[in-house]
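Peer 1: Need a 3D model of the following:
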Amino acid sequence: MTAPYSTWTWRVGSTEPIEFQLTADGEVVDLSAVTSVEVRFEAHDGSPLSNYDTVANPTKLAITDAVNGKVTFYPGAAEFALTEGHFNAFFWVTDGAGRIASYPTGANFVIRVIRNF
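Peer 2: The predicted structure is shown next:
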């Protein structure tokens, strides 16, 4: 699928930040008025892996460019130890009225994790 539905390749144990751009039907989502953003990761088999939000985990997930819908995930080796495989990621965004929307629309983000040798 074409951008903005991106795929990243990561090595097992990587702590490199990942920037996501949230979109709805191909249009950038303005995050200026939201109260929280939560990222959810799941393994390729559909089993949940972990989740982080901008309120409870501000050092792990941050809105880095609200107008352009950009959110950055900062993994730590200890709390987010991926193993080899493919992982899906999507976001729950809560607005000021408490409404929750899921992004991106159309397809999840994909993180491909390869072995560290």
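Peer 1: all helices of the protein, in order?
Peer 2: With helices called from DSSP state H, the chain shows none.
Peer 1: where exactly do the strands run in this protein?
Peer 2: Assigned by DSSP state E, the strands in the chain fall at 7-11, 18-21, 23-24, 27-28, 34-43, 48-53, 61-65, 70-73, 85-95, 100-103, 109-114.
Peer 1: Now do the contacts for the residue lying closest to H44 once chain neighbours are set aside.
Peer 2: Among residues not flanking H44 along the chain, H86 sits closest, at 4.3 Å (C-beta to C-beta, 6 or more residues apart in numbering). C-beta here means a position set from N, CA and C on the backbone, and glycine is covered the same way. Going by C-beta atoms under 8 Å, 6 or more residues apart in numbering, H86 touches H44, V110, I111, R112, V113.
Peer 1: repeat for N51
Peer 2: E38, V39, R40, F41.
Peer 1: Across the sheet, point out what pairs with the first one.
Peer 2: The partner list for E38 in beta bridges (DSSP bridges) reads D53, W92.
Peer 1: switch to numbering from 45
Peer 2: With the count now opening at 45, the last piece we talked about shows up as E82.
Peer 1: ok, it touching A145?
Peer 2: No. Using C-beta atoms under 8 Å, E82 is not in contact with A145; the gap is 11.2 Å.
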